[in-house]
Every structure is written in structure tokens, then in C-alpha cells.
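1. let's see this in three dimensions:
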Amino acid sequence: MMGVHGNGLTSLLWMKPTPRSTVIEFFYPQGFAHDYEYTTRALSMVHYGFWNSEYAHFLSFLLAAEKRSRIL
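-> Numbers count the residues shown, from 1 in each chain. Here you go, the predicted model:
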């Protein structure tokens, strides 16, 4: 499923969770929220967030947090 961040992504609740189930969320410039990422991961699906030409995946957040903790 893919769409612009908003209430329409709530339909992910009715997706069948499989190893290939993925939600692709597009954000407006300067906008970001974890709402649908948390919901997607709670249902054992994959989430990607896109801003212009950049994207984020849950694992990239984990790796960045791990790097920060090593530096501190």
C-alpha cells in the first residue's frame, strides 16, 4: 500500500500481514510522524517513509540510534 501521510493510510489495518506486506508513506516537506510506522510494525509489516528524494526505513533508524549511543 502506498499513499500520502493522512487518514487514508488507516486502511492498512485490513491488509493481510505477510513477509511481503509493505506500506510506503509519502510526507510533505518538513513533515514527519511515526503514526503509521508504529501501526505497520505492530502488524509485522514493513514501512518506508519518503521525503522528496530521501527515504527512511525502521532499520535505518535503529542503526542511526546505535551509532549515536556508541559516540556518547
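2. now do the buried residues in stretch 15-23.
-> residue 23 (16 or more other C-beta atoms under 10 Å). Any C-beta I mention is one placed from the backbone N, CA and C, and that applies to glycine too.
3. ok, and what's touching that stretch?
-> Contacts made with stretch 15-23 from outside it, assessed by C-beta atoms under 8 Å, 6 or more residues apart in numbering, are listed as 1-2, 9, 12, 36, 40, 43-48.
4. what's the end-to-end length of that stretch?
-> Using C-alpha to C-alpha, to the nearest Å, the gap from the first to the last residue of stretch 15-23 comes to 10 Å.
5. picking that back up, so which two of the contacts of stretch 15-23 are the farthest from each other?
-> Within the contacts of stretch 15-23, two members stand farthest from each other by C-beta to C-beta: 2 and 44, at 18.3 Å.
6. weed out the non-buried ones from the contacts of stretch 15-23.
-> If you count burial by 16+ other C-beta under 10 Å, the buried members of these come out as 1, 9, 12, 36, 40, 45, 47-48.
7. show only the entries of those residues found in strands.
-> When strands are assigned by DSSP state E, the members of the buried ones among the contacts of stretch 15-23 inside them are 47-48.
8. ok, of the buried ones among the contacts of stretch 15-23, which one's closest to residue 24?
-> Taking C-beta to C-beta as the measure, residue 24 sits nearest to residue 48 out of the buried ones among the contacts of stretch 15-23, at 5.0 Å.
9. ok, the closest residue to that closest one other than its chain neighbours - contacts?
-> In space, residue 48 comes closest to residue 24 once its chain neighbours are excluded; the distance is 5.0 Å by C-beta to C-beta, 6 or more residues apart in numbering. With C-beta under 8 Å, 6+ apart as the criterion, the residues that contact residue 24 are 1-3, 48, 50.
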